[in-house]
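Undergrad: heads up, no residue letters with this:
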């Protein structure tokens, strides 16, 4: 049975192809259009996934969509009418969008793909989430926690999954009782863009203390029975200016942070300078919010254990991207194992819908992020001329301090490629590493990565200013071979599967912090990727060889993109990023492209 799953029309549009119970391909539309969080119909992602799976649209048995728009529409109508007459303007805009396109997904999908509407099925948003989590997990029996902004009506759902049985919904918290939207509102309050800047809020917590838990509890509180309550009168989740909170919210927390004002904190600093009371206040709010969110999630986990008696937990939805909360669940939820899919947000809903179309949930334990397109490096063949590349660099506006004097190009076998890449890393060069199929989800896991020696802080800072345009308080992550994980991170069980895909945050052992400082946050933690040869053989070999040459047991690994761009998917985008940024070395398949300078960066 061949199924194409689709998710789109809010953010992170994606497609996935399932056949024989396995996801053969999964990709986000942004990797093809280069529009970050692209929400449009995943035309290019669908085409790529079908091509990777060797399936044509006419051969599809089902096209599965991850939501039921008509049910969502009832919630939208209820919301805008409840705000009458203040929401009159919103009503007109909302109806134009919904009656114009959003309600008619079957027709839109049918036209886009040329398939009969009778082959298109629509599945509930949170059940799609549950299917993707459970079916890619190694569990035959698991409690399932779905936490996001909102689906049709549900914002938090507690379920029980068993092999060969339909999911059993135990409890649902309906909009506006939304943990995801509360976090988004605080994201806006702290000076970041909702549905994009939540990772910045997590980074900010390292510089604060949970001093204002009681204030947070005035708008979000865990109840004595481990349910939770959002004081919705303080929020405006339909706000067109992304403010998401009302004046009464500001009467509790004060004025929102000016989005134009940068935070002075430095993730790589030994101490913090130029930090005033206002900066500390907002960092303390971030830390307090995180503490309350974790407390609420732990309460929900207690309810799940009581309902199900299960020893395993699957967590999914946008809130499952919160690595700090995930770590608290691993540590304190009472479940023996916690599983988070590699793409837990809406993008992964495409594969979840595909699983549902395939029948009853059947866990396969085959969770891999490497499901996207290959680099298609043959598209670079006519471009790889040193003089031509130097001309492009000259036209790119690259700052003088990062301009090379020449470019060299080599085609090497695997052994030589690894050796030369390790040499470049050990010499303080910024390496863009592009191998195999790109990752599904928001994290670079060794196929579309920027790599730096974490012991070389000058190189790390040069990458921040010349490639990532990184705000100083955002930390980087460490990738390491499993052999070295126990020496690097202080984790109760370093063999936990959840350590594979940068889904949790753990302390770095004190003896290692100085050596790995570039990938360690100010509070001494990192978001590790523990890699085995079975997960990603070539990247594992690179990690092993770098450690052997440098005596540094991990590499700084961050996504291959500039700050406002999505992670690169294919070789042309990789080459463009290489040419217009301070990346020193680009490795694509068997080709290594280097910039040469008047002096070495050390």
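TA: Perfect, thanks for sending it. For clarity, every value in this text was computed on a predicted model and none was experimentally measured.
Undergrad: which SS state does residue 313 fall under?
TA: Recorded secondary structure, residue 313: strand (DSSP: H, G, I helix; E, B strand; the rest coil).
Undergrad: In which helix or strand does the nearest residue to it once chain neighbours are set aside reside?
TA: In space, residue 313 comes closest to residue 335 once its chain neighbours are excluded; the distance is 4.0 Å by CB to CB, 6 or more residues apart in numbering. Quick note: C-beta positions are derived from backbone N, CA and C, even for glycine. Under DSSP states H and E, no helix or strand contains residue 335.
Undergrad: So this protein: which segments form each domain?
TA: 2-136+348-357, 179-339, 377-596 (automatic domain parsing).
Undergrad: what's the span of the longest one, first residue to last?
TA: What that stands for is domain 377-596. Length of domain 377-596, first residue to last, CA to CA, to the nearest Å: 22 Å.
Undergrad: So what's the gap between stretch 247-262 and the chain middle?
TA: 27 Å (CA atoms, centre = their mean, to the nearest Å).
Undergrad: So what touches it?
TA: Applying CB atoms under 8 Å, 6 or more residues apart in numbering, the set of residues contacting stretch 247-262 from outside is 185, 188-193, 215, 218-219, 233-235, 243, 245, 281-282, 285, 471-472.
Undergrad: Equivalent analysis for stretch 540-552, please.
TA: Contacts of stretch 540-552 (CB under 8 Å, 6+ apart): 418-419, 421-423, 425-426, 433, 446, 453-455, 479-481, 483-484, 515-516, 531-533, 553-555.
Undergrad: From these, keep the buried residues only.
TA: Listed as buried from these are 418, 421-422, 425-426, 433, 446, 453-455, 479-481, 484, 515-516, 531, 553-555; burial here means 16 or more other CB atoms under 10 Å.
Undergrad: Those residues in strands, which ones?
TA: 433, 479-481, 531, 555 (DSSP state E).
Undergrad: Residue 158 pairs with what?
TA: In this structure, residue 158 bridges to residue 145, residue 171 when assessed by DSSP bridges.
Undergrad: does it really touch residue 306, like I thought?
TA: No. At 10.3 Å, residue 158 and residue 306 do not qualify as touching, with contact defined as CB atoms under 8 Å.
Undergrad: what about those two, which has more around it?
TA: More crowded of residue 158 and residue 306, by other CB atoms under 10 Å: residue 158, with 21 against 11.
Undergrad: Please tell me how far the more buried one sits from residue 586.
TA: Counting by CB to CB, to the nearest Å, the gap from residue 158 to residue 586 is 46 Å.
Undergrad: Over to residue 366?
TA: Distance from residue 366 to residue 586, by CB to CB: 31 Å.
Undergrad: May I have the secondary structure class of the closest residue to residue 56 other than its chain neighbours?
TA: Leaving aside its sequence neighbours, residue 56 sits nearest to residue 50 (CB to CB, 6+ apart; 6.6 Å). Following three-state DSSP, the label given to residue 50 is helix.
Undergrad: got the contact list for residue 50?
TA: The contact partners of residue 50, by CB under 8 Å, 6+ apart, come to 4, 17, 25, 56-57.
Undergrad: One more pass at 10 Å, please.
TA: Residue 50 makes contacts with 2, 4, 15, 17, 24-25, 56-57, 59-60, 113, as judged by CB atoms under 10 Å, 6 or more residues apart in numbering.
Undergrad: Mind checking which of the residues you listed land in helices?
TA: residue 113 (DSSP state H).
Undergrad: Go through the protein and flag its longest helix.
TA: Assignment by DSSP H gives helix 277-308 as the longest helix of the chain.
Undergrad: Give me the distance from that one to the chain's centre.
TA: The chain centroid and the centroid of helix 277-308 are separated by 20 Å, computed with CA atoms, centre = their mean.
Undergrad: Please apply the same query to stretch 209-222.
TA: 26 Å.
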